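In: Kindly generate the corresponding structure for this input.
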Amino acid sequence: MTHIAPVLLDFESRSRADLGVVGGRKYWEHPSSEALVVVWYDTADGTVGAWYPGQAWPHCGRVLAAHNAHGFDRFAAERYDFGAAGWIDTSQLARKAGLPGALDALGQRWCGVPKDKEASRFTASLSSVRRPTRKHGAAEIPADVWRDMSDDERRARGVLPELDAKGCARVVAYCASDVAILAEAWPRLAEWINVDADVEALDHVINDRGVAFDVALARRLLVEDARVASIAVADAAAKLGMTPEACAAAARSPKQFCEIVGTPDARADTIEHIEHPLADARKALASIARGKLTAGLARVHADGRLRDTLRYYGAHTGRWSGRGMQLQNMPRPAKRLADAIESGEFDVDAFADEVLRGRECDADEIALLVRATITASRGNLLAVQDFSSVEARATAWAAGDTAAIDVFRSGRDPYKVAATAVFGVPYESVTKAQRQVGKVCELALGYQGGPGAFTAMARAYRLDLTGLDLPAIVTAWRTLHAPIKSLWYACERAFRSAVSGRPAWAGPFEFVPADDGSAVACFLPSGRPIVYHAARAVTGDESLAYLGTRGTEHLYGGKLVENAIQALCRDLMAGAMLRAERAGLNPVLTVHDEIVCDVPEAQAERAGAELHAAMLELPAWAAGFPIGADGWVGKRYRK
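Out: Residues are numbered from 1 along each chain as shown. The predicted structure is shown next:
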């Protein structure tokens, strides 16, 4: 596609549908959604034009390109029958190039053309409904009735602003300014079309395919969530001598909460371990489960499937992130439930069915069942495979840590091995508590983490730090994994060399400066690059920095290794997904190091074995990688 000259375009529209809530695909399915104008730029001849509803689209049969094409413009063009020969999403190209995906940031960063924010706000206001009054020529809704309406009711019954000729001209000018940014950026973005193209195409297939979502279970869990929250508020109110209404208001208000409880703030991580009735009430009212279930219900389609849940190149490393229900950061099961699932005492599928029949559940069970709303299609089962400790294995492989690689290949427990180094005890004598320390070491210290990183990870795993010598633990782990420690400093030296204009290697990673000195690329073993724009050594200290999507970001050896390893693991995942698709296994989701496929029930066990084989198959560039994977087959998604 690099030789194809696309037509760049941008849609401006308005609707009663809330784009941020329902997503672009459902937005353009809503009957109230209407295009106001499309401004286009033909990269073949440099011509510019505008299209309005009712006109014939002049570029039928051409490849079209838009910023966020696969999240918005493609669905608009399908509604208006533009007859595109194909689509290019310039926001995806920008992210591949290490640039911001947002058009505003891209315009300022690369083109010197800032987005017209005032015009953007004006255009957005055209979709803001207002209370109908007599002057609108519609049935008036009294102010008190309007105030008590839900957002959905207001969107359905409110009136949209009138758009006069002056306002229309303003919208067209704004649309044209966005297309001007795309036209300026296009020659540089086009260079990235063939990078990772097969994976990008598969991402579109998976997002179009979607994954089944249990609407009935989601609604039932919302009822249970409200019940649990009501009980928590009533209990807190009784303990504090307040009415439930006052208690709920105080729990929701950060200012009131801090005054009553005495905390500096009311953030979730601050109140997580606070023992106070109002903290219990606040946690219940701010349920993560509620937000995810509500988002899922808002985005599910009429056929019962969630679509567009994956955001291609959502991270600088190329890893996927989530959209909508955010399936990439689902609540982890409480330990008691995780242990019960592992031992076979708790069957997620059976329990979900009981909840659907009316069984009550507590907050931990609700959080667990959020995942279970993701299901197999009718007559199918989910075949799921998860890479085993893939980042730890990748770090050992990249660093040439043969001792660690031997541990993975032998099947020995790497957490117990780490504990032997920390506590100086034989492998067979490692206790459960010592193994937990070893686990935190392996999870927290691989990317140059120190005592602070160990403490943060220990808190997440509820590890008691009493009596532990944290600096000594860090030193023991680094001694055990001396090659990994060496890789941190090798990557930092290589990056500094590239900043100075000289390519350099660190393990399997090559750091290469751009010809014009504007960036440094870390080439992965797969050949895919991670790009660090405006890379530099910071004057006056020993740190490194680059211009990331959110501004200046600082680097050091461990961070460079983290980025490279996560990107390498992502390439292993992407290869496995491509093999699963070619094998007809119907992948519907990837979550971190996991692939989820939707397969016929009668063939589920065989499909699970085929998926396992696809995960274990190594590309030529990963020869010798100590790969491992494990999985399961079932009706509902679980951890």
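In: tell me the domain boundaries of this structure?
Out: Per automatic domain parsing, the structural domains of the chain span 7-126+161-195, 215-375, 379-395+510-533+551-639, 402-480.
In: Minimum distance to Ser543: which of these has it?
Out: Judged by Cβ to Cβ, the one of the domains of the chain that comes nearest to Ser543 is domain 379-395+510-533+551-639, at 5.2 Å. For every residue, glycine as well, the C-beta is placed using N, CA and C.
In: after the helix or strand where Asp386 lies comes which helix or strand?
Out: Using DSSP states H and E, Asp386 sits within strand 380-387. Under the assignment DSSP H and E, the closest C-terminal helix or strand after strand 380-387 is helix 390-399.
In: for that next one, the distance to its chain's centre please.
Out: Here helix 390-399 is found 23 Å from its chain centre; the criterion is Cα atoms, centre = their mean, to the nearest Å.
In: and the domains of the chain, which is most packed in?
Out: Highest mean neighbour count among these (mean count of other Cβ atoms under 10 Å): domain 379-395+510-533+551-639, with a mean of 20.
In: follow-up on the earlier one: figure out which of the domains of the chain is closest to Val205.
Out: Here domain 379-395+510-533+551-639 is closest among those (Cβ to Cβ), at 7.0 Å.
In: For the strand holding Asp386, which helices and strands make contact with it?
Out: helix 557-582, strand 594-600, helix 604-616, strand 629-634 (3 or more Cβ pairs under 8 Å, 6 or more residues apart in numbering; DSSP states H and E).
In: Leu589 belongs to a strand?
Out: Yes - under DSSP: H, G, I helix; E, B strand; the rest coil, Leu589 falls within a strand.
In: quick one: low-confidence ranges for this structure?
Out: Counting by pLDDT under 70, the ranges of the chain that qualify are 1-2, 110-111, 136-138, 540.
In: mind putting the helices and strands packed on strand 380-387 in CSV, distance to Ala229 included?
Out: Output for the helices and strands packed on strand 380-387, formatted as CSV (distance: least, Cβ to Cβ, whole Å):
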stretch, distance to Ala229
helix 557-582, 36
strand 594-600, 30
helix 604-616, 37
strand 629-634, 29
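In: any idea how far the residue nearest to Glu272 when sequence neighbours are not counted is from Asn329?
Out: Setting aside the residues directly before and after it, Glu272 is nearest to Lys283 in space (Cβ to Cβ, 6 or more residues apart in numbering), at 7.8 Å. Distance of Lys283 to Asn329, given as Cβ to Cβ, to the nearest Å: 17 Å.
In: what's the answer for Phe511, then?
Out: Remark: distance between Phe511 and Asn329 (Cβ to Cβ) = 31 Å.
In: Ala396 now?
Out: 26 Å.
In: any idea which helix or strand comes after the helix or strand where Asp339 lies?
Out: Following DSSP H and E, one finds Asp339 within helix 335-343. As assigned by DSSP H and E, the chain's next helix or strand after helix 335-343 is helix 348-356.
In: Verify the stated contact: Glu510 with Pro525.
Out: No - the criterion here is Cβ atoms under 8 Å, and Glu510 misses it with Pro525 at 9.3 Å.
In: Surely Ile88 is in a strand?
Out: Yes - assignment of Ile88 by three-state DSSP places it within a strand.
In: Ala279 contacts Ile271, correct?
Out: Yes - the criterion here is Cβ under 8 Å, and Ala279 meets it with Ile271 at 4.7 Å.
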